[in-house]
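Visitor: how would this look folded up:
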Amino acid sequence: MQFLKILFWALLAFAAALFTFGNWKWVPIALFGNLVAEVNLPVLLLVTFLVGFLPTLLYQRALRWRLRQRLAAAERTISDLRGIEPPPVTAPAAAMPAQHDTPSMPAVSS
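Guide: Residues are numbered from 1 along each chain as shown. Take a look at the predicted model:
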């Protein structure tokens, strides 16, 4: 799986390099007044992408953080109501190694 991730990012970087090489043109941008800024097209597209992507990413991260806080508070409330001590805070489940505990089966004699 790690190989596929690396391959994907390498292909994406290669495609971006090809696009940049083929479109290295100056684009005039009219600013306020009579000011004109000339920017390379790949730089302009990168800045435009980041202006749209970063607020969405920040909103998504804040939403996930808030939901984790609410889930932790609900788990604490449930454990308090049951009289059980809450489990210690650990790493996310994706980072923890999988445990394959299989119950031992009694030997069957035939």
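Visitor: ok, how many other residues are close to residue 45?
Guide: Neighbour count for residue 45, taken as other CB atoms under 10 Å: 16. Backbone N, C-alpha and C define where each C-beta goes, glycine included.
Visitor: tell me the secondary structure for it?
Guide: helix (DSSP: H, G, I helix; E, B strand; the rest coil).
Visitor: got the buried residues for stretch 43-58?
Guide: When burial is assessed from 16 or more other CB atoms under 10 Å, stretch 43-58 yields the following buried residues: residue 45.
Visitor: pLDDT averaged over it - what is it?
Guide: For stretch 43-58, mean pLDDT rounds to 94.
Visitor: Quick one: distance of that stretch to the chain centre.
Guide: Between the centre of stretch 43-58 and the centre of its host chain there is 15 Å, according to CA atoms, centre = their mean, to the nearest Å.
Visitor: okay, it in PDB with CA atoms only?
Guide: What follows is stretch 43-58 as a C-alpha-only set of coordinates in PDB (Å, rounded to 0.1, in the frame of the first residue of the first chain):
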ATOM      1  CA  VAL A  43       2.200  30.200  -9.500                       C
ATOM      2  CA  LEU A  44      -1.200  31.900 -10.100                       C
ATOM      3  CA  LEU A  45      -2.900  28.500 -10.200                       C
ATOM      4  CA  LEU A  46      -1.200  27.300  -7.100                       C
ATOM      5  CA  VAL A  47      -2.100  30.400  -5.100                       C
ATOM      6  CA  THR A  48      -5.700  30.100  -6.400                       C
ATOM      7  CA  PHE A  49      -5.900  26.400  -5.300                       C
ATOM      8  CA  LEU A  50      -4.500  27.200  -1.900                       C
ATOM      9  CA  VAL A  51      -7.000  30.100  -1.300                       C
ATOM     10  CA  GLY A  52      -9.800  27.600  -1.900                       C
ATOM     11  CA  PHE A  53      -8.300  24.600  -0.200                       C
ATOM     12  CA  LEU A  54      -6.900  25.900   3.100                       C
ATOM     13  CA  PRO A  55     -10.100  27.300   4.500                       C
ATOM     14  CA  THR A  56     -11.900  24.100   3.800                       C
ATOM     15  CA  LEU A  57      -9.100  22.100   5.300                       C
ATOM     16  CA  LEU A  58      -9.100  24.200   8.500                       C
END
